[in-house]
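Asks: need a structure here:
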Amino acid sequence: METSTSALNRWLPKSFTALQHYTRKDFVSDLAAGLTVGLVALPLAMAFAIASGLTPQAGIYCAVVTGFVISAFGGSKVQIGGPTGAFVVVVFGIIAKHGVQGLFLCTMMAGVILVIMGLTGMGRAVQFIPRPVVLGFTNGIAVLIASTQIRDFFGIRLDTNPGQFFARMHEIGNHFSTFSEEATVLASLSLLVILVMPRYSKRVPGYIVALVLGTLTAHYFHLEVDTIGSRFGGVPSGLPHLRLPEFRSELILPLISPALTVAMLGAIESLMSAVVADRMTGDKHNPNTELVAQGIANIVSPIFGGLPATGAIARTATNIRAGARTPVAGMLHAVTLILILMFAAPLARFIPMAVLAAILLVVSYNMGEWAETVRLLRLNFSSVLVWAITFVLTVIADLTTAVEFGMVMAALIFIRKIADTTTVSAVTKDYILTGRAHVLHDKHIPDYVEIYRIQGALLFGSAQKLGVVTDHMEKLPRVVILRLRAMSAIDSTGIGEIEEVAKRLHESGRLLVLCGAHEQPMRMMSQPVFEAEIGKENILPNIQSALDRAAEWVNQQRAVTQT
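Replies: Next up, the predicted model:
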């Protein structure tokens, strides 16, 4: 009975467990967070839908339905679901080729794939996608989203906004002389407000301030700029209508590839967001339950006229900072959007397109993770090559092609790295002598040191196992030593995981020391960026020098405390 009960608990959504001990204080915190995230989600949902080639209300409907479902049935305590920038390029391409009904069918197919992934325990399979591939298509999508907003940011008069990147840039260049000074100034001021606002208030989102100020400015000064009303006729009031999408059997085969892309992109984005939430809250999400919830949300979204959805990293982070404690905050964020639809939808027609373009430019920049990309580019050539291929193909071809090529390149490099770690050499007297410094049997391990060893290759697909070091942070002593004597190889994903562990230990007042790395890992760890993160003095040749470093650091900390 205990075994079946524990198995059931592993599949229960976080909302079920959170509500068992729910208090009034929890509700007050969740209510404040839900209202805040609901207001943040409003302009983003409309902007993502418009950029995808749909009406603004499609984005709001999606945020309402999927936001509620993902919070109610998901495996993360504070995850916020809804439309995201990652889907913009994919959705635009699907609509261009198969129409809106094709998009709805594709979204439902992707939802079924996500449910199957979750039920078959594939929630952790996303870890097998290398970090250079993820960064490559994320950077590529960011560039593509930014390029789609140039027209509205400058108010350029274009009859069409081509789907291909170079064709789009060519058309913009040919018609740039038609730009609007009023739209450009309004968009620039909105952009400035979004960028400057966090310096003055962390709790009031810059998106909302820019949206309100930009709309009021355009309305009261009678600026001749495109608005949601002039382009789409406004946003209808009331709740979305239930309507089953048209089933067209001839679209099933052509939509299999796009559906897989939507499903994989949704899985990657949602689980990345859940991991970020775990780091911010100290909680631990259930990846399989999360994927099932994401799948259900994408099956339901088209019935209400919505687009694909996934976990939204920025809104999830906003939810946490606003004080969210349970999934109720995510449900209340959906309720907030419903209330806006019922009582304030007519006001949406005054929102200028230039303001939404400024919002999306900031979103596209933030989703690009450019700081991590710069660090990646300073690592080994193979990681840069995989990133470059994925990035370029995302921009000039499509996401499916980019990920396929990126994964093939990463797999070939993976095979080469594993082959390079295989060596055959004679055991000499020098080998025996130098090996004694690595042996633990005759070493005294003080109480302030915990030693972990890595066995095998720390590459994409296995790097997340390093999380065991920080799973019970409160029980760790002051120094953690990673013994790398048995680690055969490492890649950029493994490097990133070690950096994350070092960062979390440092934030808790602890020290990470690395020791005993072989030639290939040592080359990777000799990069200036990595050495700056870990500390060159904390990357040592053997366990004895690591223990000496631990003793030195602890004595320094004691001296500082005494003074």
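Asks: surely residue 92 meets residue 163?
Replies: Yes. Taking contacts as C-beta atoms under 8 Å, residue 92 lies within contact range of residue 163: 6.0 Å. Bear in mind the C-beta positions are built from the backbone N, C-alpha and C, glycine included.
Asks: among these two, which residue is more densely surrounded?
Replies: residue 92 (20 against 17; other C-beta atoms under 10 Å).
Asks: host element of that one?
Replies: Following DSSP states H and E, the helix or strand that holds residue 92 is helix 88-119.
Asks: mind checking how far that helix is from the chain centre?
Replies: 19 Å (C-alpha atoms, centre = their mean, to the nearest Å).
Asks: how about stretch 151-163?
Replies: Centre to centre, stretch against its chain (C-alpha atoms, centre = their mean), the figure for stretch 151-163 is 29 Å.
Asks: low-confidence ranges, this protein, go.
Replies: Applying pLDDT under 70 to the chain picks out residues 1-10, 125-128, 417-429, 431-438, 460-464, 563.
Asks: pull out the buried residues from stretch 515-522.
Replies: 515-518, 520-521 (16 or more other C-beta atoms under 10 Å).
Asks: ok, which stretches of the stretch 201-350 of the chain are strands?
Replies: Along the stretch 201-350 of the chain, counting by DSSP state E, counting those that start in this stretch, strands occupy 310-311.
Asks: show me where it has helices.
Replies: 206-220, 228-232, 252-281, 287-300, 313-321, 328-343 (DSSP state H, counting those that start in this stretch).
Asks: burial count for residue 341?
Replies: 21.
Asks: contacting residues for the residue nearest to it when sequence neighbours are not counted?
Replies: Of all residues not flanking residue 341 in the chain, residue 60 sits nearest, at 6.2 Å (C-beta to C-beta, 6 or more residues apart in numbering). With contact taken as C-beta atoms under 8 Å, 6 or more residues apart in numbering, residue 60 is in contact with 42, 45-46, 49, 235, 337, 340-341.
Asks: which of those lies closest to residue 493?
Replies: Closest approach between those and residue 493, by C-beta to C-beta: residue 45, at 32.0 Å.
Asks: which of the buried residues of stretch 515-522 sits closest to residue 386?
Replies: residue 520 (16.9 Å).
Asks: just give the closest residue to the closest one, not the sequence neighbours.
Replies: residue 489 (5.3 Å).
Asks: thinking again about what came up before, just say which of the helices of the stretch 201-350 of the chain is most tucked in.
Replies: helix 287-300 (a mean of 26; mean count of other C-beta atoms under 10 Å).
Asks: hey, what's the angle from that one to helix 252-281? Just curious.
Replies: 130 degrees (axes from the mean of the first three to the mean of the last three C-alpha atoms, to 10 degrees).
Asks: rewinding a little: which single one of the contacts of residue 60 is nearest to residue 18?
Replies: Nearest to residue 18 among those: residue 337, at 21.4 Å, using C-beta to C-beta.
Asks: was I right about that closest one contacting residue 68?
Replies: No. Using C-beta under 8 Å as the test, residue 337 is too far from residue 68 to be in contact (9.3 Å).
Asks: one step back: can I get the contacts of residue 60 in CSV with distance to residue 381?
Replies: Shown next, in CSV, are the contacts of residue 60 (distance: C-beta to C-beta, whole Å):
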residue, distance to residue 381
42, 44
45, 41
46, 42
49, 40
235, 50
337, 47
340, 50
341, 51
